[in-house]
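> Compute the structure for the input listed below.
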Amino acid sequence: MKGNGYATWFWRHPRDGQNVIHLDIDPAEPGKMVPDALALVGDAREGLDALTAALTDRPRPDRRPWLEDPGTASRM
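I've put the predicted structure just below:
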C-alpha cells in the first residue's frame with residue numbers, strides 16, 4: 001500500500017473487510033492503495049453512469065434500522 005493517507009483518511013476508510021469498487025481510467029491504479037473487490041477501468045463519468053444503470057433495478061436493502069440507529073450501519 002502506498003500514498004500519503006489523505007485518500008484513505010489515514011486508513012480509517014475503507015474499514016477492514018469492507019468491499020471496495022475502484023473505478024480508474026489508468027488500469028495500473030486499481031488495487032494499489034487497497035485490495036479491490038471489483039476493479040473497473042474507464043472514464044469516471046461513463047463508468048459511473050454504467051454502474052448506476054446496472055444497479056438501478058436491483059432491490060435495495062431496508063435502511064430503516066440504520067436511520068433509526070446509526071450505530072447499526074457497521075453491521076449492515
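
> From now on I want contacts and neighbour counts done on CA atoms only, so please keep to that.
OK.

> Distance-wise, check Gly42 relative to Thr52.
Relative to Thr52, Gly42 is positioned 14 Å away (Cα to Cα, to the nearest Å).

> Ramachandran coordinates for the residue lying farthest from the centre of the chain?
Distance from the centre of the chain peaks at Glu68, with 23.5 Å (Cα atoms, centre = their mean). When read as degrees, to the nearest 10, the backbone of Glu68 gives phi -80, psi -30.

> List the contacts of it.
Listed by Cα atoms under 8 Å, 6 or more residues apart in numbering, the contact set of Glu68 is empty.

> Next one, pLDDT for it please.
In this prediction, Glu68 carries a pLDDT score of 84.

> and if you look at the one 5 residues further on?
Ala73 carries a pLDDT value of 55.

> and Gly3, what pLDDT?
On pLDDT, Gly3 comes in at 53.

> before we move on, what about Tyr6?
Tyr6 is assigned a pLDDT of 59 by the prediction.

> what's the spacing between the residue farthest from the centre of the chain and Ile21?
Glu68 is 27 Å from Ile21, where distance means Cα to Cα.

> ditto for Leu55
Counting by Cα to Cα, the gap from Leu55 to Ile21 is 13 Å.

> Give me the more crowded residue out of those two.
The neighbour comparison of Leu55 against Ile21 (other Cα atoms under 10 Å) goes to Ile21, with 14 against 10.

> nearest residue to that one other than its sequence neighbours?
Residue nearest to Ile21 in three dimensions, not counting chain neighbours: Leu38, with 4.8 Å by Cα to Cα, 6 or more residues apart in numbering.
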